[in-house]
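Asks: Got a sequence here, can you model it:
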Amino acid sequence: MPLVNVLVNGRAYTVACDEGEEDHVRDLGQFLDKRVRELSGSVGSVGDSRLLLMAGLVIADELSEALAKLHERETELQALKSGEAKAAEELQIKENRAAEAVEDAASMLEAIAVRLEHA
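Replies: Here you go, the predicted structure:
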């Protein structure tokens with residue numbers, strides 16, 4: 001199992017990860033480091049544990065908001081798909097009615113043609 005060095009707020013941490021995930025873990029570490037540094041600048045001097053906890057909570061809050069927005073968009077998409085299916089069904093009904101009307105008109109024209117031939 002590969003080990004990756006991650007630097008967060010000036011401290012090095014060694015993290016194990018799956019094969020091939022090294023770059024992704026480094027990117028996540030940089031993301032966390034950025035958030036920790038932003039928090040550190042705004043809250044002042046607090047312990048590393050508290051700072052990491054606060055960064056984790058901020059990130060969890062952002063994730064929660066993103067998941068809520070994703071759920072909202074999925075609901076909207078489902079409603080649009082449902083509306084699309086309903087519109088397609090209504091269109092099919094109208095097409096069937098139009099086809100029946102054309103068939104009826106064709107039948108009437110045939111009947112008139114037959115009457116004209118015998119007249």
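Asks: Arg73: neighbour count?
Replies: A total of 10 residues lie near Arg73 under the criterion other Cβ atoms under 10 Å. Backbone N, C-alpha and C define where each C-beta goes, glycine included.
Asks: Regarding it, which helix or strand does it belong to?
Replies: Arg73 is located in helix 48-118, with elements delineated by DSSP states H and E.
Asks: Packing partners of that helix?
Replies: helix 22-43 (3 or more Cβ pairs under 8 Å, 6 or more residues apart in numbering; DSSP states H and E).
Asks: which helices and strands does the helix it packs on pack with?
Replies: Secondary-structure packing of helix 22-43 (3+ Cβ pairs under 8 Å, 6+ apart): strand 3-8, strand 11-16, helix 48-118.
Asks: okay, these in JSON lines with distance to Leu39 and mean pLDDT next?
Replies: Conversion of the helices and strands packed on helix 22-43 to JSON lines gives the following (distance: least, Cβ to Cβ, whole Å; pLDDT from 0 to 100):
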{"stretch": "strand 3-8", "distance to Leu39": "11", "mean pLDDT": "95"}
{"stretch": "strand 11-16", "distance to Leu39": "15", "mean pLDDT": "95"}
{"stretch": "helix 48-118", "distance to Leu39": "5", "mean pLDDT": "92"}
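Asks: any idea how far Gly47 is from the residue most central in space within the chain?
Replies: For the chain, the residue sitting closest to the mean C-alpha position, by Cα atoms, centre = their mean, is Leu70 at 5.4 Å. Applying Cβ to Cβ, to the nearest Å, the value for Leu70 to Gly47 is 34 Å.
Asks: Likewise for Ala60?
Replies: 19 Å.
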